[in-house]
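Peer 1: Provided below are the primary sequence and the corresponding predicted coordinates.
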Amino acid sequence: MSKQTHSFQAEVKQILHLVTHSLYSNKEIFLRELVSNASDACDKLRFEALNNAALFEDAPNLEVRVFFDKDAKTLTIRDNGIGMSAEEAAANLGTIAKSGTREFMAKLEGDQKKDANLIGQFGVGFYSGFIVADRITVETRRAGLPADQGVRWSSEGTGEYELETITKPTRGTDIVLHLRDEEASDFLSTWKLKSIISKYSDHLNLPVLMEKETWDAEKSEQVKTDEWETVNKAAAIWTRSKSDITDSEYQDFYKQISYDQAAPLAYTHNRVEGRSEYTQLLFIPAKAPFDLWNRDKRGGVKLYVKRVFIMDDAEALMPTYMRFVKGVIDSADLPLNVSRELLQESRDVKAIREGSTKRVLSMLEGLANSEEAADKEKYASFWKEFGAVMKEGVGEDHTNQERLAKLLRFASTHADEGVSFADYVSRMKEGQDAIYYITADSLQGAKTSPQLEIFKKKGIEVLLLTDRVDEWMLSHLYEFEGHSLQSVAKGAVDLGKLQDEEEKKKAEEAAEAFKPVLERLKDSLKERAKDVRVTTRLVDSPACLVVEDGDMSAHLARMLKQAGQAAPNAKPILEINAEHALVKKLEGDARFDDLAQILFDQAVLADGGQLEDPAAYVRRINALLTA
């Protein structure tokens, strides 16, 4: 192939422009990215060579070399990994097939546009080289191809790149950065490069080599020798003893695999022995990722088998509701040629998944139940970031449902956040059997719901559930330690022992005296209400809407409609406060039907719903105001 010029994909052009013009904080990130990519290429060769040892050619020892030329102002990252063919070079270096590209560009165009750390989060690490280089040349040959099928790729990071065939005797990839003048002094230094590699690449399970230097007295400077030395520890951190690893090393490793610059909230490092042998090093991030709510996103756990890298994002190793967990699992039992399909069926994988799930739950329980204020703050922070996702586990992980229930936190009429079921039970009134809750679109909407009035009057705590997942979660969780969960918006209010005999008698008398009005209301609202009845749950409001115990809540029905899904068209029940002035006004009023419709519409609005005919409601209110 003679030299050919190609245009970058449109997304690549945008990214390159942002990289070269916006990313100038923490420029050293480029070396982390390129060394990490080189390590990945070696991992891929090791994996493919399991079925084809000839791919190693005559160089079975995998390594990454970093070297520079001060005169030419070039920095080279060389690996003897899998390499690329011409087609792969064009596909991998000229286009981006990552779903996160759009989010990456949105972040770079926003408040974080100077933050180079972002580049690793979205699979576009190669382009970080243009932070410091005005030209990049890549020379590569895929393992197994003849020497004359090497490829040279080069670009100045503008709109085009060049491809040509070259002869490359060795497999793998050389990335040559032609540094800008202002960057040369920073990155053409052995000491500087060593410190960056030590900082970011110590954990890599293969050596990163640099040329040794010695002091030349005549020149009064360091000069290179013909020897090479390993400048990283070249031992996977999870294979080392916990006592030999510092907290700082754990944090650095987490940052490397997660592309997160914040320290993890918590981590666990364990070797598990028994029916299945594996090592787990798992981290809980401090902040939620941008794609947390994408349930199709693969998890953040890397799978190794006997220290051989197998795959990123091995979702079978962690349940979906723990998709935020980052880390590494290294199995001693799985076959080296394990596939994603085999992972789903393996008994060993099931054991690893169960063990890792319990380990994460133990970490969270340690924070949640700690007497230390710092740990309690950590758990509160965790719940704020990941609580809604953890609620998915209540319905998905029945084995651990009881443990998960203890970790749940809510707002309530007694506190805006952090209320556990155990807290609630400890504050229950004498004679109270049920745990009361209400679901709503917002905390303010829940707090001001008319359905809470009698509970507030009696000082009975009600949990306020406002996450979209809450309704689904409650369809799987019915009780906590023998106390049933009861919605205050379903069924007739029954406070049992919490309501004295005088109150019950008064309510029954009011209902009897109000019967004629109730019958007229039922007739007037027969197209909209399933039933109309007197209630004791209201104190200040004239009316509210509830549903039968077995029916879908109005809140869930609204969410389904908003999501474009069909929802049962069940009529609600209108409950009336017979003591309210507006309700008393109904009897004998010539505008009975209009007042009845206003009463119902107000109940819909108070419940967070939308009116089917807002104009009719406005007309009735205006007529009432001008009468």
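Peer 2: Received the coordinates, thanks. Numbers count the residues shown, from 1 in each chain.
Peer 1: in the stretch 351-500 of the chain, which spans are strands?
Peer 2: For the stretch 351-500 of the chain, the strands defined by DSSP state E, counting those that start in this stretch cover 411-412, 435-439, 463-465, 479-480, 483-487.
Peer 1: Can you tell me what sits against the longest helix anywhere in the chain?
Peer 2: For the chain, the longest helix by residue count, based on DSSP state H, is helix 347-368. Residues outside helix 347-368 that contact it (CB atoms under 8 Å, 6 or more residues apart in numbering): 265-268, 270, 272, 275-276, 278, 280, 282, 284, 301, 316-319, 322, 325, 329, 331, 333-334, 343, 375-376, 378-379, 382, 397, 399-400, 403-404, 406-407, 420. The C-beta positions use only the backbone N, C-alpha and C, and glycine is treated the same way.
Peer 1: What is the neighbour count of residue 328?
Peer 2: 24 (other CB atoms under 10 Å).
Peer 1: For it, give me the pLDDT.
Peer 2: Listed pLDDT for residue 328 reads 93.
Peer 1: immediately after the helix or strand hosting it, which helix or strand?
Peer 2: Using DSSP states H and E, residue 328 sits in strand 326-331. Next in sequence after strand 326-331, counting helices and strands by DSSP H and E, comes helix 340-345.
Peer 1: Got the phi and psi for the residue most central in space within the chain?
Peer 2: Centrality entry for the chain: nearest residue to the mean C-alpha point is residue 292, 2.5 Å, by CA atoms, centre = their mean. Phi and psi for residue 292, reported as degrees, to the nearest 10, are phi -60, psi -40.
Peer 1: Wait, it touches residue 387, no?
Peer 2: No: assessed by CB atoms under 8 Å, residue 292 is found out of contact with residue 387, at 11.3 Å.
Peer 1: What segments of the stretch 101-250 of the chain are helices?
Peer 2: Assigned by DSSP state H, counting those that start in this stretch, the stretch 101-250 of the chain shows helices spanning 101-108, 181-187, 190-201, 247-258.
Peer 1: For those, give me TSV that also has distance to residue 126.
Peer 2: Below are these laid out as TSV (distance: least, CB to CB, whole Å):
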stretch	distance to residue 126
helix 101-108	13
helix 181-187	17
helix 190-201	16
helix 247-258	17
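Peer 1: To residue 570, which of the ones you listed lies closest?
Peer 2: helix 101-108 (39.3 Å; CB to CB).
Peer 1: ok, back up a step: want to throw the strands of the stretch 351-500 of the chain into a markdown table with mean neighbour count?
Peer 2: A markdown table is the format used below for those (neighbours: other CB atoms under 10 Å):
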| stretch | mean neighbour count |
| --- | --- |
| strand 411-412 | 20 |
| strand 435-439 | 23 |
| strand 463-465 | 24 |
| strand 479-480 | 16 |
| strand 483-487 | 17 |
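Peer 1: closest one to residue 243 among these?
Peer 2: Among these, strand 479-480 comes nearest to residue 243, with 40.1 Å by CB to CB.
Peer 1: Mind listing the strands the closest one pairs with, and their directions?
Peer 2: strand 483-487 (antiparallel) (DSSP bridges).
Peer 1: Let's see the partner strand as CSV, backbone CA atoms only.
Peer 2: Provided in CSV are the C-alpha atoms of strand 483-487 (Å, rounded to 0.1, in the frame of the first residue of the first chain):
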residue,chain,number,x,y,z
HIS,A,483,-43.8,-5.1,60.6
SER,A,484,-45.8,-4.8,57.4
LEU,A,485,-45.2,-2.0,55.0
GLN,A,486,-48.4,0.0,54.4
SER,A,487,-49.0,2.8,52.0
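Peer 1: Report the distance from it to the chain centre.
Peer 2: Computed by CA atoms, centre = their mean, to the nearest Å, the chain-centroid distance of strand 483-487 equals 30 Å.
Peer 1: residues of the helix or strand following it that come out buried?
Peer 2: Remark: after strand 483-487, the chain's next helix or strand is helix 501-513, criterion DSSP H and E. Of the residues in helix 501-513, those buried by neighbour count under the rule 16 or more other CB atoms under 10 Å are 507, 510, 511.
Peer 1: Same check on stretch 543-550?
Peer 2: So, applying 16+ other CB under 10 Å, buried residues of stretch 543-550: 543, 544, 545, 546, 547.
Peer 1: Domain map for this structure?
Peer 2: 4-213, 237-368, 408-496, 498-626 (automatic domain parsing).
Peer 1: any chance of those domains in JSON lines, with distance to residue 228 too?
Peer 2: Shown next, in JSON lines, are those (distance: least, CB to CB, whole Å):
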{"stretch": "domain 4-213", "distance to residue 228": "4"}
{"stretch": "domain 237-368", "distance to residue 228": "23"}
{"stretch": "domain 408-496", "distance to residue 228": "54"}
{"stretch": "domain 498-626", "distance to residue 228": "59"}
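Peer 1: now for those, which one comes closest to residue 223?
Peer 2: Among the domains of the chain, if distance is taken as CB to CB, the winner is domain 4-213, at 6.4 Å.
Peer 1: for that closest one, how far is the first residue from the last?
Peer 2: 40 Å (CA to CA, to the nearest Å).
Peer 1: Among the buried residues of stretch 543-550, name the ones in strands.
Peer 2: Using DSSP state E, the subset of those located in strands is 543, 544, 545, 546.
Peer 1: Touching, the third one and residue 553? I think so.
Peer 2: Right, residue 545. No: using CB under 8 Å, residue 545 is not in contact with residue 553; the gap is 10.2 Å.
Peer 1: how near is the residue nearest to residue 183 when sequence neighbours are not counted to residue 162?
Peer 2: Once flanking residues are discounted, residue 183 sits nearest to residue 132: 4.2 Å by CB to CB, 6 or more residues apart in numbering. Here residue 132 is placed at a distance of 21 Å from residue 162 (CB to CB, to the nearest Å).
Peer 1: These two: who's more crowded?
Peer 2: For the pair residue 132 and residue 162, the greater number of neighbours falls to residue 132 (25 against 14), based on other CB under 10 Å.
Peer 1: got a list of what that one touches?
Peer 2: For residue 132, the contact set (CB under 8 Å, 6+ apart) comprises 27, 30, 177, 179, 180, 183, 186, 187.
Peer 1: excluding its backbone neighbours, what's nearest the third one?
Peer 2: What it means is residue 177. Residue nearest to residue 177 in three dimensions, not counting chain neighbours: residue 133, with 3.9 Å by CB to CB, 6+ apart.
Peer 1: Is the one you found bridged to anything, and to what?
Peer 2: Beta-bridge partners, per DSSP bridges, of residue 133: residue 179.
Peer 1: Where does pLDDT dip in the stretch 401-550 of the chain?
Peer 2: Residue ranges of the stretch 401-550 of the chain with pLDDT under 70: 494, 496-500.
Peer 1: go on, the chain?
Peer 2: 1, 21-25, 95-124, 295-299, 336-337, 494, 496-500, 560-568.
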